[in-house]
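Enquirer: need a structure here:
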Amino acid sequence: MPDRILLPLIVACALFMQNLDSTVLSTALPAIADDFAVSPIQLKLALTSYLLSLAVFIPASGWLADRFGSRTVFQLAIFTFTIGSVFCGLSNSIGEIIAARIVQGIGGAMMVPVGRLVILRAVSKSELVGALAWLTVPALFGPICGPPLGGFITTYVSWRWIFWINVPIGVLGLLLATMFIPNILGEKRAFDLRGFLLSGVGLAAFITGSTSFGLDLLPWSVVWALLVGGSLLLVLYVLHSRRVAFPILDLTLFRTPTFLHSIVGASLFRIGVGATPFLLPLLLQIGFGMSPFESGLITFASALGALFMKAFAPPLLYRFGFRRVLLINCVLAAVSIAVPAIFTGTTPITMMLALILAGGFFRSLQFTSISALTFADVPHGMMSGATTISGVAQQLSLSLGVSVGAMAIEATLHVTGQPLGAEAFGPAFIAVGVIALASIVPLIYLHPDAGDELSGRRGAKEPEATARTGSCG
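Expert: As a prediction, this is how the structure comes out:
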């Protein structure tokens, strides 16, 4: 089996475990909250603490992979994530599960970026779109299996088993990584400790402040101090990065137009997408009174739609190009994010399934396309830094998505004075849909030929141009 297929499938074991974990947890949130005697909205800290841990430790992943080898770091990441899963299953309070999720996040911070780095270094750019499609196909079985499996386990067994099922998957990932992933070393460079502290503490403070905003978990003075202090530390990091030879986050990559527009566009889009796994199960269970199992059977349609998309991405990008596909699909995907706002207790299940299925297709097409385009013009020697920045931006935007969704619900409850019910979710879905639609702005500035080398359009155009020139002679 060629590397362009084998390596993505191995890395996908890690993605499968990570995606299965997150989608299962979203379905089980109300049951865990009831067990811990806390609000499901407060328990979103179990989601955002994981994303927070990712954002803090991802900056070090590229340096670790270059210094110790991609296989070594990938193995350590899977092991750490698996141990964190065991601790999650043993948790008996919101504090314990948050701490265990942070351990998981440390593993996830190294696992996915390093796995993606292996693929970017081993696969040619002309084969990148196909390789990323192979990477995400097995990983999508996590979201497909997650909601119904999580619902079944939560309803008929115990929510604790949703974490323990990661153990056999982690063991399989370790074996495959040991057998097949090359231990690729990168350029040796000094570790930017000051930059790591500035970026890590800055991101941690900013995400903690945004996560706590409007939930009365911390005093307002503390929330604002975290937001302002985190922002100040991030500004100091930007200044610091200009004075060191090897900053932990190489911001000079943003001088590459496709990288800049793709990162900004993807971040805005992920804020909308990041809120959906948090909002939709709560709407179905708390708003419509469904069981976790019933909720999971409906929400899995999104991942099923995403799986169908994989066969369409390469021909669509070849036929229309990255820019046109991203612009048109952005509108369709943003609408699909907002569409649950129209759901009511009388909405036919078949209609919900159809709309959620279509939404999964459009959102996955957007992610596959923009993920490939992000690295289209990045020099090979800077791939490590590019995957690091991409990973930080991804986790920051996902955590903001959960926070925006929760704040929209809290604002609606404050205005209406009503208890948490189905009516509180409509404004939240519309808000995150509008934010996802805003991602079209940076994508407009993409060059019409952006990514043509990835899609194969550049190779197809050159023979045509040569033929026309020859016929003129």
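
Enquirer: Once you drop chain neighbours, what's closest to residue 335?
Expert: By the measure of CB to CB, 6 or more residues apart in numbering, the closest residue to residue 335 outside its immediate chain neighbours is residue 433, 6.8 Å from it. Using the backbone N, CA and C atoms, a C-beta is placed for each residue, glycine as well.

Enquirer: Mind listing what's buried along whichever strand or helix holds the one you found?
Expert: Following DSSP states H and E, one finds residue 433 within helix 426-437. Buried residues in helix 426-437, counting neighbours by 16 or more other CB atoms under 10 Å, are found at 426, 427, 428, 429, 430, 431, 432, 433, 435, 436, 437.

Enquirer: Averaged pLDDT, that helix. What do you get?
Expert: Here helix 426-437 scores 92 as its mean pLDDT.

Enquirer: CA atoms only: put the helix or strand following that helix into CSV for me.
Expert: Downstream of helix 426-437, the first helix or strand assigned by DSSP H and E is helix 440-444. What follows is helix 440-444, C-alpha atoms only, in CSV (Å, rounded to 0.1, in the frame of the first residue of the first chain):
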residue,chain,number,x,y,z
ILE,A,440,-16.4,34.3,3.3
VAL,A,441,-14.7,37.7,3.7
PRO,A,442,-11.0,36.5,3.8
LEU,A,443,-11.8,33.8,1.2
ILE,A,444,-12.8,36.5,-1.3
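
Enquirer: for helix 440-444, what is the average pLDDT?
Expert: 94.

Enquirer: List the contacts of it.
Expert: Applying CB atoms under 8 Å, 6 or more residues apart in numbering, the contact partners of helix 440-444 are 260, 261, 264, 265, 268, 323, 326, 327, 330, 331, 334.

Enquirer: What ranges in the stretch 151-300 of the chain fall below the confidence cut-off?
Expert: Within the stretch 151-300 of the chain, the stretches with pLDDT under 70 are 211-218.

Enquirer: cutoff 80 now
Expert: Of all residues in the stretch 151-300 of the chain, those with pLDDT under 80 make up the ranges 151, 154-155, 180-189, 207-208, 210-220, 274, 277-278, 292-293, 296-297, 299-300.

Enquirer: which residues in it form helices?
Expert: 161-164, 166-180, 193-212, 220-241, 257-282, 292-309 (DSSP state H, counting those that start in this stretch).

Enquirer: Could you identify which of those is most buried?
Expert: Stretch with highest mean neighbour count among the helices of the stretch 151-300 of the chain: helix 257-282 (a mean of 24; mean count of other CB atoms under 10 Å).

Enquirer: and it, what does it pack onto?
Expert: Secondary-structure packing of helix 257-282 (3 or more CB pairs under 8 Å, 6 or more residues apart in numbering; DSSP states H and E): helix 3-36, helix 292-309, helix 322-338, helix 349-374, helix 383-416, helix 426-437, helix 440-444.

Enquirer: Please identify which of those helices is closest to residue 252.
Expert: helix 383-416 (8.6 Å; CB to CB).

Enquirer: related to what we said a few turns ago, rebuild the helices of the stretch 151-300 of the chain as TSV, extending it with distance to residue 154.
Expert: Compiled in TSV, the helices of the stretch 151-300 of the chain are given as follows (distance: least, CB to CB, whole Å):
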stretch	distance to residue 154
helix 161-164	7
helix 166-180	16
helix 193-212	24
helix 220-241	32
helix 257-282	10
helix 292-309	4
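
Enquirer: that older thread, between the buried residues of helix 426-437, which is closest to residue 40?
Expert: Nearest to residue 40, judged by CB to CB, of these is residue 428 at 13.5 Å.

Enquirer: which residues touch the closest one?
Expert: Counting by CB under 8 Å, 6+ apart, residue 428 touches 275, 279, 404, 405, 408, 409, 412.

Enquirer: Residue 244: how many residues sit nearby?
Expert: Residue 244 has 12 neighbouring residues, counting by other CB atoms under 10 Å.

Enquirer: Now residue 316. Nearest residue, chain neighbours left out?
Expert: Spatial nearest neighbour of residue 316, excluding adjacent residues (CB to CB, 6+ apart): residue 325 at 5.5 Å.

Enquirer: just to revisit the earlier point, of all the helices of the stretch 151-300 of the chain, which one is nearest residue 117?
Expert: helix 166-180 (13.4 Å).

Enquirer: For the closest residue to residue 155 other than its chain neighbours, list the residues it contacts.
Expert: Distances taken as CB to CB, 6+ apart put residue 293 closest to residue 155, at 4.4 Å, once the chain neighbours are dropped. Residue 293 is in contact with 148, 151, 152, 154, 155, 156, counting by CB under 8 Å, 6+ apart.

Enquirer: Please repeat the previous calculation with a cut-off of 7 Å.
Expert: Contact analysis of residue 293 by CB atoms under 7 Å, 6 or more residues apart in numbering lists 148, 151, 152, 155.

Enquirer: And residue 171, by the same measure?
Expert: Residue 171 makes contact with no residue, according to CB under 7 Å, 6+ apart.

Enquirer: okay but residue 177 is in contact with residue 70, surely?
Expert: No. Taking contacts as CB atoms under 7 Å, residue 177 lies outside contact range of residue 70: 9.3 Å.

Enquirer: which SS state does residue 418 fall under?
Expert: Three-state call for residue 418 (DSSP: H, G, I helix; E, B strand; the rest coil): coil.

Enquirer: If you tally nearby residues, what's the number for it?
Expert: The burial count for residue 418: 11, using other CB under 10 Å.

Enquirer: Now do the closest residue to it other than its chain neighbours against residue 252, distance only.
Expert: Of all residues not flanking residue 418 in the chain, residue 424 sits nearest, at 7.2 Å (CB to CB, 6+ apart). Using CB to CB, to the nearest Å, residue 424 is found at 44 Å from residue 252.

Enquirer: out of those two, which sits in the busier spot?
Expert: residue 424 (22 against 11).

Enquirer: And the helices of the stretch 151-300 of the chain: which comes nearest residue 95?
Expert: helix 193-212 (14.5 Å).

Enquirer: for the closest one, packing partners?
Expert: helix 45-57, helix 59-68, helix 220-241, helix 383-416 (3 or more CB pairs under 7 Å, 6 or more residues apart in numbering; DSSP states H and E).

Enquirer: got the contact list for it?
Expert: Applying CB under 7 Å, 6+ apart, the set of residues contacting helix 193-212 from outside is 45, 48, 52, 55-56, 59-60, 218, 223, 226-227, 229-231, 233-234, 236-237, 240-241, 244, 247-249, 396, 399-400, 403.

Enquirer: how far off helix 383-416 does that helix point, in degrees?
Expert: Per axes from the mean of the first three to the mean of the last three CA atoms, to 10 degrees, the angle that helix 193-212 makes with helix 383-416 is 20 degrees.
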